[in-house]
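Undergrad: Here's my sequence, what's the structure:
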Amino acid sequence: MSDCLDYILDENNNPVPEPDAMKWIEWRRANRERARVAFDEVADVCVSTVFLGVGHRHFGEGAPILFETMVFGTGTSNFYDGQRRYSTRAEALKGHAELVAAMKARVTKRLGREAPYPYVPGATFRPRLQPAPGEPLFERVDDEPEEGCE
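TA: Purely as a prediction, here's the structure:
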């Protein structure tokens, strides 16, 4: 295991240590979309998996924890307590698919019919601040510039 805590993705999306903090910052700014591994919206929940870029194994031995899947939305209470983390992209994709399947099953059970599943590859979404009843928690914003630090 490397002593480096900062990582970037190589041309094949494999994590590699980046000991130079300025290079790491430049890579993160230039590669925001590459850091998104997967995103799926199932009814009123969203499953998001990202490359963290910073090793999160704070205790014990083993490979750095570099990927994270989180479930967002009102439908997640009493089902999921927060997040899953992984060392590899393959583990992250597998874990993401498992959580999407679990969310679809949970929503299908709750609704009594198959869960709506409006996943759009490559689309950009952002959370709605105050969604109306029945309105999705995230809105698609593909053509809008990103806000935040540049």
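
Undergrad: next one: phi and psi at the residue nearest to Phe51 when sequence neighbours are not counted?
TA: Once flanking residues are discounted, Phe51 sits nearest to Ala35: 4.6 Å by Cβ to Cβ, 6 or more residues apart in numbering. Just so you know, the C-beta spots here come from the backbone N, C-alpha and C atoms, and that holds for glycine as well. When read as degrees, to the nearest 10, the backbone of Ala35 gives phi -70, psi -20.

Undergrad: same thing with the one 3 residues further on?
TA: As for Ala38, its main-chain torsions (degrees, to the nearest 10) stand at phi -160, psi 150.

Undergrad: so who does it touch?
TA: When contacts are counted by Cβ atoms under 8 Å, 6 or more residues apart in numbering, Ala38 is found next to 47-49, 92-93, 96.

Undergrad: Which ones among these map onto strands?
TA: Members of the contacts of Ala38 lying in strands (criterion: DSSP state E): 47-49.

Undergrad: Go through those residues and give me the one with the most neighbours.
TA: Highest neighbour count within the ones in strands among the contacts of Ala38: Val47, with 27 neighbours (other Cβ atoms under 10 Å).

Undergrad: Would you mind measuring from that one to Val37?
TA: Distance of Val47 to Val37, given as Cβ to Cβ, to the nearest Å: 11 Å.

Undergrad: shared neighbours, these two?
TA: By Cβ under 8 Å, 6+ apart, the residues touching both Val47 and Val37 are His96.

Undergrad: Show me where this protein has its strands.
TA: 7-9, 15-17, 36-42, 45-51, 67-72, 83-86, 125-127, 138-140.

Undergrad: Which other helices and strands does the second one contact?
TA: Translated: strand 15-17. strand 7-9 (3 or more Cβ pairs under 8 Å, 6 or more residues apart in numbering; DSSP states H and E).
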